[in-house]
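Enquirer: pasting the structure only:
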């Protein structure tokens, strides 16, 4: 049976197309009656029917209908024609245009291109209520698309118009006002302008006394005006408007699912904007329960509910804990395993699970205990790029479990192979997300890293390290860095021979700071472990070591200094030759007039950078190595030893203890720090 | 033999109950990738046994007072291979965890008897007896107290004849990276001592790897 | 105000009064739509809904699908096999592509064509009059929602709010007050 229906999905047969064509020709009729009937027919054909919208769109129906609207609005049609007919034509053409624009971006674009927008606006001033309704509805459809023209809220005359629209008795017109706000208000300046114009009070009155659609529209606009603007929020909860917050809370229990969702979203925006509000545990729990319940809604509300849940719990451990107690993971997993999901819902559920599992191990073990991992792995190969990204994001959260990483739980074909395939995904955001998940998975302490090597993962990562996209380069290096962490020398050699000294040194000097940081961190891990691995930085006449030194000289952020310094520190833990090579980087001949970066790092505000710098000196001066005395003298002459002496009272215990170790080394050789004036 | 830096200052107390607690120092010698080796004495009435032990830190999440890694016991009697276990640690940071164990069959009395084995715990004792140490600020103390609990065997089955029922009271010295610990299991011989030193795989100095989870 | 009064009458069970009031307001449209579905004139019902408010079917894919499905059922009932097949392909198959659960329902409905005696086949319940009633009540609910009829009548709560507001004002100012709620005339403040 399924085969049969699938076979039926061939495109409209010629007869149908002809019928559509014939219908369009009737639209052009000079007989108002014929025209009106044709308009109505077009409208009834396309409402609710995406396929027909598209096919009429292709036949040029939108400009035809828009033309009729324009003519009728101008009153060009036969003057003798009775008013009633003109109004009917206006209503039908506006309704048809509204339907073309409903949930269908190509339709919105066509309606805008056909110049219908200003004519629809004119309908709002019509004396016939039905015409006004139809015009307002069509405009609202347009404003629900991101393609709608942005309304400049900072112009006084626009604001005056908006207020008059919001004040309208007609619920479609006032709803339109709210839609305009939702669509157009983006900056805090615009939010402030709306606040100053008294829009907040107007929206509150729609919230409390309006019809269902007015309430919904008002909730949506309120959330838009609140977003990240604590000033507006505080006004809303303040004494002047008073009870409105509790009105929104009441609406979160409304019997209409869409109203509940919008009220929840409004409350979430309020909470995320002003974290001190809505701290009451009862409200938090209630929100979670309502959103989980809304997941059961079969329509759009259920599709959006997981996104709202995400924004409620993202980055908030306390809410993730409450959601866990409310069985959020079980419920999300239940919906995920049911299959046949709308793509939007599928994406939302994966993202909600990602947020649930982002911080708490208890959430991750709950997720893993439900055997939900394979459902996420399946989604890695979904047709929708958004779903693939969401699946990677979810995987990224789950693989933060060190306990399971240590057990090698994620390093298996079911996950690694599809992830590696996503490296070649046409969408950059999928690539970046896949690399993110993989970065975690390759932190594997068992010997299973071979699975990743066998499926060509290393070669692919090195390819991506050459990507034009900085985020891809940086994440590819991140994954390589994690991969070589504590890896045996054989694996490191595999990585290095793919990567080559010249590519790695050019990545160290990449224009993008985040790429520099990851490249240096990769060097740091490469040269750790067995002594032989230090040699990597000496390949090709020390190309990499030179690059590290140069990058440290001009390090633009502390993170780059930290990784580079640890790379040098690790080299300095090698043999005499290695230590002398590090000394050479600290004091390159040409720049001896400049202050060494070592002094700069020792004075840094970043305790981690000071720690890394002092450790390097600890390694260079360790008394068991033969050249330690010579190096100590050289470091002293450069003022470094006296700089370290100052760190013996460092607020950071780690720095303080290491500084004392260096001091111990100096004392062992009888090398005293120079006084300030003795340094060159 | 590394020299232990004497540090006699008593940690300051946090005044007031609502003040922000701070984590212990992020000590580089206790960071991910660091390795330790030493012995565990399995004292029994008949003879003194000592297993060689290697430890590797695999994960560290100071915000949650969490540390984890593996422990490898060599020359274990009746085992043909070294036995590797995965352990998870609670860092006594007075925010996530206090000196009170409150589980694993450890009574407050057991806690006290074990913590008292560490010399550097003495200055803290009086406050710990008052409030379990909740008001102590350990962020500048050069020792880190922990409990390590083995979670699973990595390379052998549960039928290997060994038990991981107990847990370790652990004290880490930030200055030289040495670790002392006592195994506690009401059903095993008491006060089995763990002694570990920071190792560096034949290098002349210290090296530090790191990974970051996304 | 129309809505408020009707809302009160309907939710409080004043059926007769509501009936009378309805004739003057928009409620008869909803009844007409419901009736059309109940009689099997689904196309007529769809057109009526679209005249009432084009958003209802444009934003409610499930309801739209059920109405189209009902149309298909009526075609089958009337023995118009050719037309039914064409309708299933043209109108319903694309909806099945958009939503997998629609596809399953569609398959069930098309299965009616495979049986000689549709009323006694495994999917025969689709031919039942109760299927029409189910669809009709779904349309009815959607129209009601779009006209936002409330579970709780609004009039009492508005009156309560008025009394509350006047009590608040009483302490602060003298103002034209509504003393008789049934006539709602503003009485001048006594100075």
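Expert: Thanks, I have the structure now. It should be emphasised that the depicted structure is a prediction, and the values quoted were computed from it without experimental measurement.
Enquirer: burial measure for the residue of chain C found nearest chain B, as a count.
Expert: Of all residues in chain C, residue C:100 sits closest to chain B, at 33.2 Å by Cβ to the nearest Cβ. For every residue, glycine as well, the C-beta is placed using N, CA and C. By other Cβ atoms under 10 Å in any protein chain shown, the residues close to residue C:100 number 12.
Enquirer: that one reaches residue A:340, doesn't it?
Expert: Yes - the criterion here is Cβ atoms under 8 Å, and residue C:100 meets it with residue A:340 at 3.8 Å.
Enquirer: do you know the pLDDT at residue A:9?
Expert: Looking at residue A:9, its pLDDT is 41.
Enquirer: which helix or strand contains residue B:42?
Expert: Using DSSP states H and E, the element containing residue B:42 is strand B:35-43.
Enquirer: can that strand be found next to chain A?
Expert: No - using Cβ under 8 Å from any Cβ of the partner chain, strand B:35-43 stays clear of chain A, with a minimum separation of 9.2 Å.
Enquirer: and whichever helix or strand comes after that strand, what does it pack onto?
Expert: Once the chain leaves strand B:35-43, the next helix or strand it forms, by DSSP H and E, is strand B:48-61. Packed against strand B:48-61 by the contact rule (3 or more Cβ pairs under 8 Å, 6 or more residues apart in numbering or on different chains; DSSP states H and E) you find helix A:402-406, strand B:35-43, strand B:66-73, strand B:192-199.
Enquirer: circling back to that earlier point, what pairs with the strand holding residue B:42, parallel or antiparallel?
Expert: The pairing partners recorded for strand B:35-43 under DSSP bridges are strand B:48-61 (antiparallel), strand B:192-199 (antiparallel).
Enquirer: the helix or strand where residue A:177 lies packs against which elements?
Expert: According to DSSP H and E, residue A:177 maps onto helix A:171-184. Where contact means 3+ Cβ pairs under 8 Å, 6+ apart, helix A:171-184 is packed against helix A:129-143, helix A:156-166, helix A:199-209, helix A:212-226.
Enquirer: could you dump these into TSV and include distance to chain B?
Expert: Converted to TSV, the helices and strands packed on helix A:171-184 look like this (distance: least, Cβ to the nearest Cβ, whole Å):
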stretch	distance to chain B
helix A:129-143	38
helix A:156-166	44
helix A:199-209	35
helix A:212-226	29
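Enquirer: which stretch in those helices has the least confidence?
Expert: Averaging pLDDT over each of the helices and strands packed on helix A:171-184 puts helix A:199-209 lowest, since it has a mean of 88.
Enquirer: so which elements touch that helix?
Expert: Counting contacts by 3+ Cβ pairs under 8 Å, 6+ apart, helix A:199-209 is packed against helix A:156-166, helix A:171-184, helix A:212-226, helix A:230-237, helix A:244-251.
Enquirer: if you count neighbours, what's buried in it?
Expert: Neighbour-count burial for helix A:199-209, counted by 16 or more other Cβ atoms under 10 Å in any protein chain shown, picks out A:199, A:200, A:202, A:203, A:204, A:205, A:206, A:207.
Enquirer: ok, now stretch B:168-187?
Expert: For stretch B:168-187, by 16+ other Cβ under 10 Å, it's B:168-185.
Enquirer: give me the secondary structure label for residue A:276.
Expert: Three-state call for residue A:276 (DSSP: H, G, I helix; E, B strand; the rest coil): coil.
Enquirer: for chain B, see how far away it is.
Expert: Residue A:276 sits 16 Å away from chain B, going by Cβ to the nearest Cβ, to the nearest Å.
Enquirer: which residue is nearest the middle of chain A?
Expert: With distances taken as Cα atoms, centre = their mean, the residue of chain A nearest its centroid is residue A:429 (9.2 Å).
Enquirer: go ahead and list the helix or strand containing it.
Expert: Secondary structure assignment for residue A:429, by DSSP H and E: helix A:428-441.
Enquirer: domains in the chain, by residue range?
Expert: All of this is about chain A. Split into domains by automatic domain parsing, chain A comes to A:1-149, A:465-576, A:587-680.
Enquirer: can you look at chain C instead?
Expert: Split by automatic domain parsing, chain C gives C:2-146, C:154-187.
Enquirer: gap between the last one and the chain center?
Expert: Which is domain C:154-187. 35 Å (Cα atoms, centre = their mean, to the nearest Å).
Enquirer: any low-confidence regions in the chain?
Expert: Going with chain A. When residues are selected by pLDDT under 70, those of chain A lie in A:1-17, A:75-82, A:240-242, A:446-448, A:589-594, A:674-680.
Enquirer: to clarify, I was referring to chain C.
Expert: Using pLDDT under 70, chain C drops low at C:1-26, C:148-157, C:190-191.
Enquirer: after the longest helix belonging to chain B, which helix or strand is next?
Expert: The residue-count maximum for a helix in chain B (DSSP state H) belongs to helix B:122-131. For helix B:122-131, the following helix or strand on the C-terminal side (DSSP H and E) is strand B:143-153.
Enquirer: which secondary structure elements does that following strand sit against?
Expert: strand B:66-73, strand B:83-91, strand B:167-173.
Enquirer: list the buried residues of the helix or strand harbouring residue C:142.
Expert: In this structure, residue C:142 is located in helix C:129-146 according to DSSP H and E. For helix C:129-146, the buried set under the neighbour-count rule, 16+ other Cβ under 10 Å, comprises C:131, C:132, C:135, C:136, C:138, C:139, C:142, C:143, C:145, C:146.
Enquirer: picking that back up, which one, of the domains of chain C, ends up nearest to residue B:140?
Expert: Closest of the domains of chain C to residue B:140 is domain C:154-187, at 57.8 Å (criterion: Cβ to Cβ).
Enquirer: ok so, going back, ok, now how distant is the residue nearest to the centre of chain A from residue A:138?
Expert: Residue A:429 sits 34 Å away from residue A:138, going by Cβ to Cβ, to the nearest Å.
Enquirer: over to residue A:463?
Expert: Taking Cβ to Cβ, one finds residue A:463 at 50 Å from residue A:138.
Enquirer: okay, residue B:45: pLDDT?
Expert: Looking at residue B:45, its pLDDT stands at 53.
Enquirer: same check, this time on residue B:163
Expert: According to the model, residue B:163 scores 82 on pLDDT.
Enquirer: and residue B:99, its phi and psi?
Expert: Backbone geometry at residue B:99, expressed as degrees, to the nearest 10, gives phi -70, psi -20.
Enquirer: returning to what we had before: relative to residue A:392, how far out is the residue nearest to the centre of chain A?
Expert: In this view, residue A:429 and residue A:392 are 9 Å apart by Cβ to Cβ.
Enquirer: over to residue A:606?
Expert: Applying Cβ to Cβ to residue A:606 and residue A:392 gives a distance of 31 Å.
Enquirer: out of these two, which sits in the busier spot?
Expert: Between residue A:606 and residue A:392, counted using other Cβ under 10 Å, the more crowded position is residue A:392 (28 against 15).
Enquirer: tell me the contacts of that one?
Expert: Residue A:392 makes contacts with A:380, A:419, A:422, A:430, A:433, A:434, A:436, A:437, as judged by Cβ atoms under 8 Å, 6 or more residues apart in numbering or on different chains.
Enquirer: most neighbours, which of these?
Expert: Neighbour counts for the contacts of residue A:392 (other Cβ under 10 Å) peak at residue A:434, which has 31 neighbours.
Enquirer: quick one: contacts for the residue lying closest to it once chain neighbours are set aside?
Expert: Nearest residue to residue A:434, sequence neighbours excluded (Cβ to Cβ, 6 or more residues apart in numbering or on different chains): residue A:422, at 3.7 Å. By Cβ under 8 Å, 6+ apart, the contact set of residue A:422 is A:380, A:388, A:392, A:430, A:431, A:434.
Enquirer: residue A:530: which of those residues is nearest?
Expert: Taking the contacts of residue A:422 together and measuring to residue A:530 by Cβ to Cβ, the closest member is residue A:434, at 31.3 Å.
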